[in-house]
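In: generate coordinates for the sequence data below:
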Amino acid sequence: MTQQPGVSKRSGVDAFLVMDMLRRANELESAGEEIVHMAAGQPGTGAPQSVIEAAKSALDSEKLGYTESLGLPVLRQRIATYYQEKYGVSVSPERVVVSTGSSGSFILAFLAAFEAGDKVALPTPGYPAYRNILNALGVATPVIETTAANRWVPDVNDIDRLHDECSIQGVLLASPNNPTGTMIRPDALKAVVEKCQQLGLWFISDEIYHGLNYEMEAATALQFSDDAIIINSFSKYFCMTGWRIGWMVVPERLVRPLEKLAQSLFISAPTLSQIAAIAAFDATEELEQRKAVYATNRDILRQQLPLIGLDEFLPVDGAFYLYADVRKFTNDSYGFAQKMLKEIGVSVTPGADFDHARGAQYIRLSFAGSTQSVEQAIKRLGGWLK
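Out: Numbers count the residues shown, from 1 in each chain. Now for the predicted structure:
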């Protein structure tokens, strides 16, 4: 009798529930249901027109072969220039690494910075792919449970405490955060960066929602240290999710290790996407118009949700998410989200994706779609929650 090979233990990561919800919503939509999509964290519009035109031109005129594993030099230079323009920070293009979306950046950064058996502190609520990628690589992920008292972001005392308890090797922080939309103030970010330097820890700053801020300016960790690992992407503010293009800014000592890893893992990011991404930096007017739609949607949700019973949610400083407390309706946000999708065709993400301890009490609503879709969702929810 033959035996079948087994499945690796490292593949036993949690499901990414937002993608499960997206798949189910798409199935219902294909079957003729009218679905309001508020689950996936992606803009409801496509790439800016200048990006489209650059891609069309490249298709007609470029070979579109492999690029250097670190990315097209012209794109790396343009990204470096962006940091000077936006933050007043001087960055050498040699420290810029272009990747297959921020997901590719996380894989490369985690492999270059950590050994199997290391520990990386993750604030919660937080993006589940951090934990899943790190766990698949054999890196443990002790949790910093954030609270309202600290505006749902960790502080230096949290890092000190966790390091004393279990000797961590790194800290990852996102601002604006997914799923909460909360942001860390520049002085608090500076304190966290300096604490990590003091303790000899890697600090990884997820800045993929920069540009999507409503209450305060976003600071980059590069303003406080050249030793931080910066992750960014063209997916969110630049509206290029499916193009799978992102970047890192890293300390010089990581550049060659990252290049060697990228050579074998990805060869290079998609060439067409790299060429098109250069044009994204010149689409500010169009992108700001789209951001204005998100701001309108945000205002509508903050005003209307309390009127239909969803009156507890975290600060929505940035990104395009609202993280709402649903305890008065359920203690099972996953079942609640599935029932909502089935009965009224509104797709949201259960908080269990983002927080194992408290997530069953929350749902995440993405307001990156049209204002009409947000208004339709409120109308449907208002009748359903009564």
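In: Ile229: what's it in contact with?
Out: Ala109, Ala113, Trp202, Phe203, Ile204, Ser205, Met248, Val249, Val250, Pro251, Leu254 (C-beta atoms under 8 Å, 6 or more residues apart in numbering). The C-beta positions use only the backbone N, C-alpha and C, and glycine is treated the same way.
In: possible to save those as TSV with secondary structure, neighbour count and pLDDT?
Out: Below are those laid out as TSV (DSSP: H, G, I helix; E, B strand; the rest coil; neighbours: other C-beta atoms under 10 Å; pLDDT from 0 to 100):
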residue	secondary structure	neighbour count	pLDDT
Ala109	helix	26	98
Ala113	helix	21	98
Trp202	strand	23	98
Phe203	strand	24	98
Ile204	strand	27	98
Ser205	strand	26	98
Met248	strand	28	98
Val249	strand	26	98
Val250	coil	25	98
Pro251	coil	14	98
Leu254	helix	20	98
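In: of the residues you listed, which is the nearest to Thr81?
Out: Val249 (12.4 Å; C-beta to C-beta).
In: relative to Val91, how far out is the closest residue to that closest one other than its chain neighbours?
Out: Counting by C-beta to C-beta, 6 or more residues apart in numbering, Val249 lies nearest to Ile230, which is 4.1 Å off, once chain neighbours are set aside. Note on Ile230: its distance to Val91, by C-beta to C-beta, to the nearest Å, is 9 Å.
In: overlap in contacts, the two.
Out: With contacts taken as C-beta under 8 Å, 6+ apart, the residues that reach both Ile230 and Val91 are Leu222, Val249.
In: the two: who's more crowded?
Out: Using other C-beta atoms under 10 Å as the criterion, Ile230 and Val91 rank with Ile230 on top: 26 against 20.
In: show the contacting residues for that one.
Out: Remark: with contacts taken as C-beta under 8 Å, 6+ apart, Ile230 is in contact with Ser205, Glu207, Thr220, Ala221, Leu222, Met248, Val249, Val250.
In: hmm, the first one is touching Pro176, no?
Out: No. When contacts are counted by C-beta atoms under 8 Å, Ser205 is not listed as touching Pro176 (11.8 Å).
In: scan the protein for its longest helix.
Out: With residue count as the measure and DSSP state H as the assignment, the chain has helix 284-304 as its longest helix.
In: after that one, next one along is what?
Out: Using DSSP states H and E, the next helix or strand after helix 284-304 towards the C-terminus is strand 321-325.
In: could you dump that following strand to PDB, C-alpha only?
Out: This file holds the C-alpha atoms of strand 321-325, laid out as PDB (Å, rounded to 0.1, in the frame of the first residue of the first chain):
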ATOM      1  CA  TYR A 321     -11.000  51.100   7.700                       C
ATOM      2  CA  LEU A 322     -13.400  51.500  10.600                       C
ATOM      3  CA  TYR A 323     -13.000  48.800  13.300                       C
ATOM      4  CA  ALA A 324     -16.400  48.500  15.000                       C
ATOM      5  CA  ASP A 325     -17.400  46.900  18.300                       C
END
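In: and the angle for it with helix 284-304?
Out: When axes from the mean of the first three to the mean of the last three C-alpha atoms, to 10 degrees is applied, the directions of strand 321-325 and helix 284-304 differ by 20 degrees.
In: what sits up against strand 321-325?
Out: 41, 125, 178-181, 298, 301-302, 305, 310, 312-314, 316, 351, 354, 361-367.
In: likewise stretch 84-100?
Out: For stretch 84-100, the surrounding residues in contact (C-beta under 8 Å, 6+ apart) are 70-73, 75-77, 79-80, 83, 105, 108, 219-220, 222-223, 244-252, 255, 258-259, 262, 266, 268-270, 274.
In: next, the buried residues of it.
Out: Applying a neighbour-count criterion of 16 or more other C-beta atoms under 10 Å, the buried positions in stretch 84-100 are Tyr87, Val89, Val91, Pro93, Arg95, Val96, Val97, Val98, Ser99, Thr100.
In: Lys291: which of the contacts of Ile229 is nearest?
Out: Ser205 (21.1 Å).
In: excluding chain neighbours, what is closest to the closest one?
Out: Taking C-beta to C-beta, 6+ apart, and ignoring the residues beside it in sequence, Ser205 has Ala221 as its nearest neighbour in space, at 3.9 Å.
In: ok, that neighbour - contacts?
Out: Applying C-beta under 8 Å, 6+ apart, the residues contacting Ala221 are Leu189, Val193, Phe203, Ser205, Glu207, Ala228, Ile230.
In: so what does it have for phi and psi?
Out: Note on Ala221: its backbone torsions stand at phi -60, psi -20 [degrees, to the nearest 10].
In: the helices in the protein, which residues?
Out: In order along the chain, the chain carries the following helices (DSSP H): 17-30, 49-61, 73-87, 101-113, 128-136, 156-166, 186-199, 252-265, 271-280, 284-304, 333-344, 371-384.
In: CSV for those helices, including distance to Ser11?
Out: Conversion of those to CSV gives the following (distance: least, C-beta to C-beta, whole Å):
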stretch, distance to Ser11
helix 17-30, 16
helix 49-61, 34
helix 73-87, 33
helix 101-113, 14
helix 128-136, 7
helix 156-166, 25
helix 186-199, 30
helix 252-265, 17
helix 271-280, 27
helix 284-304, 35
helix 333-344, 22
helix 371-384, 35
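In: and Ile144, which of those is closest to it?
Out: Going by C-beta to C-beta, the one of the helices of the chain nearest Ile144 is helix 156-166, 4.8 Å.
In: report all helices and strands that that closest one contacts.
Out: Helix 156-166 sits against strand 143-145, helix 186-199, with contacts defined as 3 or more C-beta pairs under 8 Å, 6 or more residues apart in numbering; DSSP states H and E.
In: if we go to 7 Å?
Out: Using 3 or more C-beta pairs under 7 Å, 6 or more residues apart in numbering; DSSP states H and E as the contact definition, the elements that helix 156-166 packs against are helix 186-199.
In: that'll do, ta.
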